[in-house]
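Student: The following comprises the amino acid sequence and a computationally predicted model.
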Amino acid sequence: MLFSALWIFGSDYVLNALIKNSERVAALQTSKGLLFILLSTGLIFFFSLRDRHAQRRLLDALTHSSQLLQHTQRNAGLGSWEYRNGFQLSDEAQRLLGRDLNSQPCNVEDLLSWLHPAERPAVQRALLALLEDHTSMTVSARLLLPQQQSATWVMLRGEVVEPGRILGTLQNISAQKRDESALRESEQRFRQLFEQTPRIAVQGYDRERRVIYWNQASTQLYGYALHEVMGRRLEELVVPPQNRSKLISAVNLWQLGGPPIPAAEVQLQRKDGTPIWVYSSHLMLRNSFDQVEMYCVDIDLTDYKKLDSELQVSEHRYRSLVEHLGDAIFITNAANQLTFLNPAWERISGYPVHESLGSPLQRFMPELGHVPLNQRLQELLKGDLDNLRLECQLLTRCGQVRRVELQFNFNALEKSLHGSLRDVHERYQTLQLQQARNAVLDELLALHPLNSILVGISQRLERLQPQMRVSIMLLDEYQRLHVGAAPSLPEAYCHAIEGIQAALGVGSCGHAAASGELVIAEDVSQHPNWREYQSVALAAGLHACWSLPFKDDNGHVLGTFGIYYPHPTRPSSADIALVTEFTRLAGLAVQFSATTVS
């Protein structure tokens, strides 16, 4: 418009100023018009060409930036999404989620269905807060990818950029989660090492000697609870008044590069002011902020000093102390025969002390005669080891198997072993039971066949109690029992009991399924319920059986656990409690499998 206005008024002015002949001016008007068309066309072409070049440069730059962004997202495991009445996922986001939506939007329910069930509530709350309250979202979640062995974690971020429009990112953080999990496990193991060590007190202090760590053994040793000591100084807690200034000087000198405080026996004091002897070791470390921290590891020597005094005064006191210990104390001679046992041995093993003396330890713990435990014992006897601590199975007099912890020390002068035996069966059984629960849950989530899960449950129970032979029978709608798992029973016996009627007086399992109660046949050859199956049971080497039913949430019997023994016997209350825990696992597996099939 500017060019046209200038041309019209400017050219008319110039023509009238230069040429006075009106006829000639009129003739030149046509030429002026043609020239205007040519100039305006050229001007338009020039600006159009310039704009096309600018657009091309912008497009190339945009394409390059897009390629760089896609490359960066692939390397970083980062995808993007946009929400407008539905989630529009980028190609990288779809790849991370393991989906191929062909650029089709998805809703909140679709997104939640792709996540692990345990993560859905948290993600749903975060999404609702984002959509309804416009609160920025940052939440991590596992993907539901059963075919993958390792979990895939993603981080969802989102924020509202304008009403009705939300932008966000999706990033793979599996490596970060694995690193965090490994770090947490390492820290947990480190803390458990000190927290669960009952006789070693560990305390941590900052550079001002204020408490920053105090384990349970320290509470037991010094009498201070954790909340009482945090932030208080070392010297005012456990150091006698006459030694405080000396300790402060030694710690300050050590922090300035002086000699470390040596490990030694020292006399400290409890909360009530009573003296206590400990063997104290010290360690100076720097934390992640490069700050000095001092850790003290104290072993209570009070009992040992009292014991030494009592030994000098009277042998009777020593024996009295040993006889009242909860752990069994033993001594063997050079021929590996037991020469001393305290009364705790009989409480743990069931064998009288006088019958056990003269026997080798391998009689009660056969594992000690097998490799590699025997090899470690030989190393101890040769002097390659100062002491030895291990766990093995103890065969009790009543035929049960219990897990015990042994500690050996070699007496080079007498060529004998001194040691202690602690019953850790309850702890071991609890751990194994928890591992069984975890394994069953993992197999259920992985949709393993029910038969495979039941076989695993039976085998884990048999490993806990090797004298047991386990069968799991499942009850059908016709009130008949079918073998769900019996890994250690002969096939001929399994065929004989397959499909038996759930009725009173029919074996142990049939009676238990019909009555819904525990049934014990202490001797199969004498029990009236076993008249029809007595011969096949005895032929299979089964002389005792008890059965425990397991039920669903409504109290309906789902099946039975049959526990067999190679000799007539009666289960203990501990055995019944153990099997009861395993029946819960079987009931869970059966109900879950039924739900999955339906």
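Tutor: Ah, there it is. Residues are numbered from 1 along each chain as shown.

Student: When you work out contacts or count neighbours from here on, use the C-alpha atoms and nothing else.
Tutor: OK.

Student: Which phi and psi values does residue 64 adopt?
Tutor: Dihedral pair for residue 64: phi -60, psi -40, per degrees, to the nearest 10.

Student: which residues sit in contact with residue 482?
Tutor: By C-alpha atoms under 8 Å, 6 or more residues apart in numbering, the contact list for residue 482 reads 473-476, 497-500.

Student: Need the three-state assignment for it.
Tutor: strand (DSSP: H, G, I helix; E, B strand; the rest coil).

Student: beta partners of it?
Tutor: Beta-bridge partners of residue 482, counted by DSSP bridges, are residue 474.

Student: Let's see the pLDDT reported for it.
Tutor: Note on residue 482: pLDDT of 94.

Student: Surely residue 443 touches residue 453?
Tutor: Yes: assessed by C-alpha atoms under 8 Å, residue 443 is found in contact with residue 453 at 6.8 Å.

Student: more crowded one of the two?
Tutor: Remark: of residue 443 and residue 453, residue 453 carries more neighbours, 25 against 17, as counted by other C-alpha atoms under 10 Å.

Student: Tell me the secondary structure at residue 405.
Tutor: strand.

Student: wait, isn't it in contact with residue 423?
Tutor: Yes: look at residue 405 against residue 423 with C-alpha under 8 Å: they come within range, at 6.4 Å.

Student: neighbour count winner among these two?
Tutor: Per other C-alpha under 10 Å, whichever of residue 405 and residue 423 has more neighbours is residue 423, with 22 against 17.

Student: Quick check: the more buried one vs residue 303, distance?
Tutor: To residue 303, residue 423 is 22 Å away according to C-alpha to C-alpha, to the nearest Å.

Student: Any regions of the stretch 1-150 of the chain where pLDDT drops low?
Tutor: Scanning the stretch 1-150 of the chain for pLDDT under 70 picks out 25, 69-76, 101, 103.

Student: any chance you could map the helices in it?
Tutor: Along the stretch 1-150 of the chain, the stretches classed as helices by DSSP state H, counting those that start in this stretch are 2-18, 22-76, 91-97, 108-113, 120-133.

Student: how about these in TSV, adding mean neighbour count and distance to residue 353?
Tutor: Output for the helices of the stretch 1-150 of the chain, formatted as TSV (neighbours: other C-alpha atoms under 10 Å; distance: least, C-alpha to C-alpha, whole Å):
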stretch	mean neighbour count	distance to residue 353
helix 2-18	12	120
helix 22-76	12	68
helix 91-97	20	66
helix 108-113	14	64
helix 120-133	16	60
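
Student: Take those helices and write them to CSV, including distance to residue 175.
Tutor: Converted to CSV, the helices of the stretch 1-150 of the chain look like this (distance: least, C-alpha to C-alpha, whole Å):
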stretch, distance to residue 175
helix 2-18, 64
helix 22-76, 11
helix 91-97, 14
helix 108-113, 22
helix 120-133, 20
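
Student: Could you list the domains of the protein?
Tutor: With domains defined by automatic domain parsing, the chain comprises 2-69, 77-177, 197-305, 314-423, 429-597.

Student: Now distance to residue 184 too, for those domains, in JSON lines please.
Tutor: Listed next are these as JSON lines, based on distance: least, C-alpha to C-alpha, whole Å:
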{"stretch": "domain 2-69", "distance to residue 184": "34"}
{"stretch": "domain 77-177", "distance to residue 184": "10"}
{"stretch": "domain 197-305", "distance to residue 184": "16"}
{"stretch": "domain 314-423", "distance to residue 184": "27"}
{"stretch": "domain 429-597", "distance to residue 184": "19"}
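
Student: so of those, which one's packed in deepest?
Tutor: domain 429-597 (a mean of 18; mean count of other C-alpha atoms under 10 Å).

Student: quick check, distance from that one to the centre of its chain.
Tutor: 29 Å (C-alpha atoms, centre = their mean, to the nearest Å).

Student: For the stretch 251-400 of the chain, just list every one of the strands.
Tutor: 264-269, 275-286, 292-300, 328-332, 338-341, 387-395 (DSSP state E, counting those that start in this stretch).

Student: Go ahead and flag the most central residue of the protein.
Tutor: residue 185 (7.8 Å; C-alpha atoms, centre = their mean).

Student: can I assume that residue sits in a strand?
Tutor: No: applying three-state DSSP, one finds residue 185 to be helix, outside a strand.

Student: residues touching it, list them.
Tutor: With C-alpha under 8 Å, 6+ apart, residue 185 has no contacts at all.

Student: how far away is it from residue 432?
Tutor: Taking C-alpha to C-alpha, one finds residue 185 at 19 Å from residue 432.

Student: again, but for residue 477
Tutor: To residue 432, residue 477 is 33 Å away according to C-alpha to C-alpha.

Student: again, but for residue 377
Tutor: 26 Å.

Student: What of residue 267?
Tutor: Counting by C-alpha to C-alpha, the gap from residue 267 to residue 432 is 42 Å.

Student: Ok, residue 444 next?
Tutor: Residue 444 sits 18 Å away from residue 432, going by C-alpha to C-alpha.

Student: follow-up on the earlier one: what's the closest of the helices of the stretch 1-150 of the chain to residue 253?
Tutor: Of all the helices of the stretch 1-150 of the chain, helix 22-76 sits nearest to residue 253, with 49.2 Å by C-alpha to C-alpha.

Student: Okay, angle between the closest one and helix 2-18 too, please.
Tutor: Angle of helix 22-76 versus helix 2-18, following axes from the mean of the first three to the mean of the last three C-alpha atoms, to 10 degrees, is 160 degrees.

Student: Use 11 as the first number from now on
Tutor: Okay, residue one is now 11; in that scheme the one you just asked about reads as helix 32-86.

Student: Run me through the strand neighbours of the one helix or strand residue 427 maps to, direction for each.
Tutor: Here residue 427 sits within strand 426-433, counting by DSSP states H and E. Strand 426-433 pairs in its sheet with strand 338-342 (antiparallel), strand 411-421 (antiparallel), by DSSP bridges.

Student: Mean pLDDT and distance to residue 57 added to those, as TSV?
Tutor: Formatted as TSV, those follow (pLDDT from 0 to 100; distance: least, C-alpha to C-alpha, whole Å):
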stretch	mean pLDDT	distance to residue 57
strand 338-342	89	101
strand 411-421	86	92
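
Student: of all these, which lies closest to residue 115?
Tutor: Among the strands paired with strand 426-433, strand 411-421 sits nearest to residue 115 (C-alpha to C-alpha), with 58.5 Å.

Student: coming back round to it: can you list contacts of the strand holding residue 427?
Tutor: For strand 426-433, using C-alpha under 8 Å, 6+ apart, the contacting residues are 336-344, 346, 355, 358, 391, 412-421.

Student: Just to check, residue 595 is in contact with residue 449?
Tutor: No: Residue 595 is beyond contact range of residue 449, at 10.2 Å (criterion: C-alpha under 8 Å).

Student: Residue 488 versus the nearest residue to residue 208 once chain neighbours are set aside, what's the distance?
Tutor: Spatial nearest neighbour of residue 208, excluding adjacent residues (C-alpha to C-alpha, 6 or more residues apart in numbering): residue 227 at 5.4 Å. According to C-alpha to C-alpha, residue 227 stands 59 Å off from residue 488.

Student: which stretches of the stretch 261-410 of the chain form helices?
Tutor: Assigned by DSSP H, counting those that start in this stretch, the stretch 261-410 of the chain shows helices spanning 312-323, 325-333, 354-359, 363-366, 383-391.

Student: got TSV for those, with mean pLDDT and distance to residue 298 too?
Tutor: Formatted as TSV, the helices of the stretch 261-410 of the chain follow (pLDDT from 0 to 100; distance: least, C-alpha to C-alpha, whole Å):
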stretch	mean pLDDT	distance to residue 298
helix 312-323	76	36
helix 325-333	71	47
helix 354-359	89	48
helix 363-366	89	55
helix 383-391	83	40
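
Student: Nothing else from me, thank you.
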